[in-house]
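Engineer: how would this look folded up:
(chains A, B, C and D, ligands or ions: 2)
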Protein chains: 2
Amino acid sequence: MNKTIPSRKKHSVLPAPTIRRFPLYLSFLKSLKGKENVYVSAPDIAKTLRIDSTQITKDFSFIKVAGKTKVGYEINKLVQNIEKFLGYRDPKKAFIIGIGNLGTALIKYNQFSQEGLEIIAGFDIDTEKVGTRVISTKIYHIKNFKKRFNETPVEIGIITTPSEQAQIIADTIIECGIKAIWNFSASPISAPGTVIVENTSIDSGLAMIKWKLNAGRPLIYK
Amino acid sequence: MNKTIPSRKKHSVLPAPTIRRFPLYLSFLKSLKGKENVYVSAPDIAKTLRIDSTQITKDFSFIKVAGKTKVGYEINKLVQNIEKFLGYRDPKKAFIIGIGNLGTALIKYNQFSQEGLEIIAGFDIDTEKVGTRVISTKIYHIKNFKKRFNETPVEIGIITTPSEQAQIIADTIIECGIKAIWNFSASPISAPGTVIVENTSIDSGLAMIKWKLNAGRPLIYK
DNA sequence: AATCAATAAAGAAATTTTTCTTTAAAAGAA
DNA sequence: TTCTTTTAAAGAAAAATTTCTTTATTGATT
Ligand SMILES: NC(=O)c1ccc[n+]([C@@H]2O[C@H](COP(=O)([O-])OP(=O)(O)OC[C@H]3O[C@@H](n4cnc5c(N)ncnc54)[C@H](O)[C@@H]3O)[C@@H](O)[C@H]2O)c1
Ligand SMILES: NC(=O)c1ccc[n+]([C@@H]2O[C@H](COP(=O)([O-])OP(=O)(O)OC[C@H]3O[C@@H](n4cnc5c(N)ncnc54)[C@H](O)[C@@H]3O)[C@@H](O)[C@H]2O)c1
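Structural biologist: Numbers count the residues shown, from 1 in each chain, chains lettered A, B, ... in the order given. Ligands and ions are numbered 1, 2, ... in the order given. Sure thing, here's the model as predicted:
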């Protein structure tokens, strides 16, 4: 007896895959700008994006945008709703730690500001980098993270240090009170349940490609 | 009548999420190097990676590596097997198109060579970039792609151009005979079923973080 | 006006993936 | 030795996600 109650706390009503698809829809919808069409149908989107059309209508239904039978969805309204959902007009501030190849690329990526992400400072351990700027973003020494954080609290910490440092950095910034961590290192980091963690593993993408390339010619293990 | 046969062609015996987890395991296992332990148990890995331990044993069973009851898995053997599975000793050549912020970062990423990916040339439309090198990688004009490809065929094409160009580039390199496309642009690209496509959407990661940050305070749509 | 065709929407079914449960093995302790 | 505990492994169950099916609406066509 004392069986656990079968229904557990759902993290959300929205499937995570749905959330991850929204930026893709948005990108496609924006590519339709300039075209004369006012409406776009789910089957049309499905064709280019290679996503099942009923999946698309389902995803759209989550953000309460209704389509018109025989016509489709109003492009502008769809764009507006998705942007609203993704919080494009609700900017979040971020610090980025590790100003190497990837860190620099992320700071320079000019799309983030339109997506509601503001990288307001960078941190590194390399004294050659400390004091410089990437575009307009100042780079500070990692030892000054806490001080800077207290002066200007941010919600998101982006980690682009080598994998070996990622967990230590994470622990440090969690202690400072960061709310969310976007980790690009190959090592997934662990954090208390109260901290939001998103691991973006580029290497996982490579693993997938290489596996597909070799599929049909299975490797033998011994 | 004439109902479709219920069982459809399975793409593989390995779940895609499993494949994507292997690089994470590998990263964790390598962080154990230098430690005196020879074995590591699934519950131990589970603790740091926050992945269910039975999931881990299942994933490992796919690559035919057996653990020892009460002891765990031999770290070295595990590393070897995963690397073998991921084809680290089976390098694939790649061209990268779009030598901007991200393209440059990818070329400079020194881990890829150890993971069995060789980016042997870059392509751009910007004449300022054509003729330069990123580290030792030569940058050619995109119009010379076919020529270069015929001279030195590669299996993978990495797309890091702006989203608007991604599909056109994809069409071009597919026509040349590329086998797999790794697309980093925000627009998922479509390709014939014979071409392997992996869309790595960094923006999807941001969408997830921002949504989680706002969860509990649901946005109202009107 | 009647019919046809395309589509959204809702729900059912199938599939995939994760989590839970049970079993057995084996190391270490008593 | 015997008992306890930890763990892998296999299978069952549950949960999540995708795909299929049906229905109804509506614009276009005859
Ligand atoms: N560059 C890529 O394309 C790419 C691809 C896949 C994964 N990654 C991952 O992204 C991360 C960064 O890769 P990269 O190529 O930009 O590496 P990089 O070596 O170019 O940059 C790492 C930066 O972190 C800094 N750093 C090191 N320790 C630090 C610390 N304790 N505090 C603050 N800063 C510190 C270094 O000084 C350096 O500037 C790595 O974990 C890598 O695995 C990168
Ligand atoms: N930089 C990032 O951190 C980041 C983050 C998320 C997504 N992305 C995506 O990655 C892609 C690249 O981003 P970026 O910041 O490196 O952009 P970027 O503007 O720095 O680089 C794009 C490069 O592509 C080249 N290019 C344009 N059209 C071309 C064509 N037809 N043929 C060949 N080359 C062409 C440009 O000359 C430029 O060098 C974009 O699609 C972007 O959405 C980048």
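
Engineer: so which residues on chain A come close to ligand 2?
Structural biologist: Residues of chain A lying close to ligand 2 by C-beta under 6 Å from any ligand atom are A:105, A:106, A:109, A:111. Bear in mind the C-beta positions are built from the backbone N, C-alpha and C, glycine included.

Engineer: what pLDDT does the first one get?
Structural biologist: Same thing as residue A:105. The model reports residue A:105 with a pLDDT of 98.

Engineer: the host helix or strand of it vs helix B:101-108, what angle?
Structural biologist: Taking DSSP states H and E as the criterion, the element that holds residue A:105 is helix A:101-108. With axes from the mean of the first three to the mean of the last three C-alpha atoms, to 10 degrees as the basis, helix A:101-108 and helix B:101-108 are set at 180 degrees to each other.

Engineer: quick one: low-confidence parts of chain A?
Structural biologist: The model of chain A has pLDDT under 70 over residues A:1-12, A:216-222.

Engineer: quick check: phi and psi on the nearest residue to residue A:92 once chain neighbours are set aside?
Structural biologist: For residue A:92, ignoring the flanking residues on the chain, the nearest one in space by C-beta to C-beta, 6 or more residues apart in numbering or on different chains is residue A:155 at 5.0 Å. For residue A:155, the backbone dihedrals (degrees, to the nearest 10) come out as phi -90, psi -30.

Engineer: next, count neighbours for residue A:155.
Structural biologist: 16 (other C-beta atoms under 10 Å in any protein chain shown).

Engineer: could you check how far it is from residue A:139?
Structural biologist: From residue A:155 over to residue A:139 the distance is 20 Å, taken as C-beta to C-beta, to the nearest Å.

Engineer: and what of residue A:36?
Structural biologist: As judged by C-beta to C-beta, residue A:36 and residue A:139 stand 46 Å apart.

Engineer: same check, this time on residue A:200
Structural biologist: Between residue A:200 and residue A:139 the distance is 22 Å, computed by C-beta to C-beta.

Engineer: do the same with residue A:22
Structural biologist: Using C-beta to C-beta, residue A:22 is found at 32 Å from residue A:139.

Engineer: quick one: contacts of the longest strand seen in chain A?
Structural biologist: If you go by DSSP state E, chain A has its longest strand at strand A:117-124. For strand A:117-124, the external contacting residues (C-beta atoms under 8 Å, 6 or more residues apart in numbering or on different chains) are A:91-100, A:103, A:106-107, A:112, A:130, A:134, A:137-142, A:144-145, A:148, A:152, A:154, A:156, A:158, B:206, B:210.

Engineer: can you give me the buried ones in the biggest helix by length in chain A?
Structural biologist: Across chain A, the longest stretch assigned as helix under DSSP state H is helix A:16-31. Residues A:18-31 are the ones in helix A:16-31 that count as buried (16 or more other C-beta atoms under 10 Å in any protein chain shown).

Engineer: equivalent analysis for stretch A:82-89, please.
Structural biologist: Under the neighbour-count criterion of 16+ other C-beta under 10 Å, stretch A:82-89 has A:82, A:83, A:84, A:85, A:86, A:87, A:88 buried.

Engineer: and the residues you listed, which is closest to ligand 1?
Structural biologist: residue A:86 (24.0 Å; C-beta to the nearest ligand atom).

Engineer: gap between the closest one and ligand 2?
Structural biologist: 14 Å (C-beta to the nearest ligand atom, to the nearest Å).

Engineer: domains of chain A?
Structural biologist: Using automatic domain parsing, the domains assigned to chain A come out as A:16-84, A:92-205.

Engineer: out of those, flag the one nearest residue B:179.
Structural biologist: domain A:92-205 (15.7 Å; C-beta to C-beta).

Engineer: right, is the closest one up against ligand 1?
Structural biologist: Yes - judged by C-beta under 6 Å from any ligand atom, domain A:92-205 comes into contact with ligand 1 at A:97-103, A:123-126, A:129, A:142, A:160-163, A:165, A:169, A:184-186, A:202-203.

Engineer: just read off the phi/psi values of residue A:87.
Structural biologist: According to degrees, to the nearest 10, residue A:87 has phi 70, psi 40.

Engineer: pretty sure it sits against residue B:212.
Structural biologist: No - Residue A:87 is beyond contact range of residue B:212, at 10.8 Å (criterion: C-beta atoms under 8 Å).

Engineer: so how far is residue A:184 from the closest residue to residue A:20 other than its chain neighbours?
Structural biologist: In space, and not counting its chain neighbours, residue A:20 is closest to residue B:204: 4.0 Å by C-beta to C-beta, 6+ apart. Per C-beta to C-beta, residue B:204 is found 13 Å from residue A:184.

Engineer: and the helix holding residue A:105, what does it pack against?
Structural biologist: On a contact count with 3 or more C-beta pairs under 8 Å, 6 or more residues apart in numbering or on different chains; DSSP states H and E, helix A:101-108 meets strand A:92-97, strand A:117-124, strand A:133-134, helix B:101-108.

Engineer: those: which one's closest to residue B:41?
Structural biologist: Per C-beta to C-beta, nearest to residue B:41 of the helices and strands packed on helix A:101-108: strand A:92-97, 31.2 Å.

Engineer: which residues touch that closest one?
Structural biologist: A:103, A:106-107, A:116-124, A:142, A:145, A:148-149, A:152-161, A:169, A:173, A:178, A:182, B:210, B:213.

Engineer: how close does the closest residue to residue A:200 other than its chain neighbours get to DNA strand D?
Structural biologist: Using C-beta to C-beta, 6+ apart and skipping residues adjacent in sequence, the residue nearest residue A:200 is residue B:205, 4.2 Å away. Distance, residue B:205 to DNA strand D, using C-beta to the nearest atom of the strand, to the nearest Å: 15 Å.

Engineer: give the helix, strand or coil label for residue B:205.
Structural biologist: Following DSSP: H, G, I helix; E, B strand; the rest coil, we place residue B:205 in the helix state.

Engineer: isn't it right up against residue A:201?
Structural biologist: No - counting by C-beta under 8 Å, residue B:205 sits too far from residue A:201 to count as a contact (9.7 Å).
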